[in-house]
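Trainee: Here is a sequence with its predicted model. Questions after.
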Amino acid sequence: MAYTFVNGRDIILQIDWDNNATFLPVACLTSVSMDVKRDAIDADSKCGDQQLPGDSVMQTISVSGNAIDQTGTIDKESYERLYSLVGSKAVVAAKFGPASPVSGDIVYTGNIFVTSIKLDAKDKDLMKFDAEFGVQSAPMTQTKTY
């Protein structure tokens, strides 16, 4: 069976910032990751060691990127908009996956909120940002493109 590798550069986070079904990418990311965890119930006893799946699923998305200027025609969003989501406690629709999915690609969709943001402006370097999102009603829906 033939296979191809998934290029990490193709995977982005897109957010419906204005709740109008228009998704814009979080700009100039250098890294994007997703973490999904289910709690485990310890069922160890003298009958044997055992773990059972718990009811709680937690999911986070983490991004790192280079900050961009937000003037002119906005076709990408950056740290400025992420920062505003923290203060507003907004929950927004999001997509995690390829920007333009083709047959066989997987895209994750759901509602997210910013749980942290960090700005880092070092001398003689680009301003960078890191942000983490919690997923509301985890896990996100996984859809394969056909």
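Mentor: Done, it's in.

Trainee: What is the three-state secondary structure of the most centrally placed residue in the chain?
Mentor: A centroid search over the chain (Cα atoms, centre = their mean) returns residue 61, at 3.4 Å, as the residue closest to the centre. On the three-state scheme (DSSP: H, G, I helix; E, B strand; the rest coil), residue 61 is labelled strand.

Trainee: where exactly do the helices run in this protein?
Mentor: Across the chain, reading from the start of the chain, the helices by DSSP state H fall at 79-88.

Trainee: who's in contact with the residue of the chain most remote from its centre?
Mentor: In the chain, residue 46 marks the outermost C-alpha relative to the chain mean, sitting 41.9 Å out by Cα atoms, centre = their mean. Taking Cβ atoms under 8 Å, 6 or more residues apart in numbering, we find residue 46 in contact with no residue. Every C-beta, even on glycine, is put in place using the N, C-alpha and C of the backbone.

Trainee: Was I right to think residue 109 contacts residue 141?
Mentor: Yes: taking Cβ atoms under 8 Å as the definition, residue 109 is a contact partner of residue 141 at 5.1 Å.

Trainee: Have a look at these two and say which one is more surrounded.
Mentor: Between residue 109 and residue 141, counting by other Cβ atoms under 10 Å, residue 109 is the more crowded of the two (16 against 9).

Trainee: wait, what's in contact with the more buried one?
Mentor: Taking Cβ under 8 Å, 6+ apart as the definition of contact, the neighbours of residue 109 are 93, 94, 95, 96, 140, 141, 143.

Trainee: The nearest residue to the first one once chain neighbours are set aside and residue 66, how far apart?
Mentor: Leaving out its chain neighbours, the residue that sits closest to residue 93 by Cβ to Cβ, 6 or more residues apart in numbering is residue 16, at 4.1 Å. When Cβ to Cβ, to the nearest Å is applied, the distance between residue 16 and residue 66 equals 23 Å.

Trainee: Over to residue 134?
Mentor: 24 Å.

Trainee: again, but for residue 32
Mentor: Counting by Cβ to Cβ, the gap from residue 32 to residue 66 is 13 Å.
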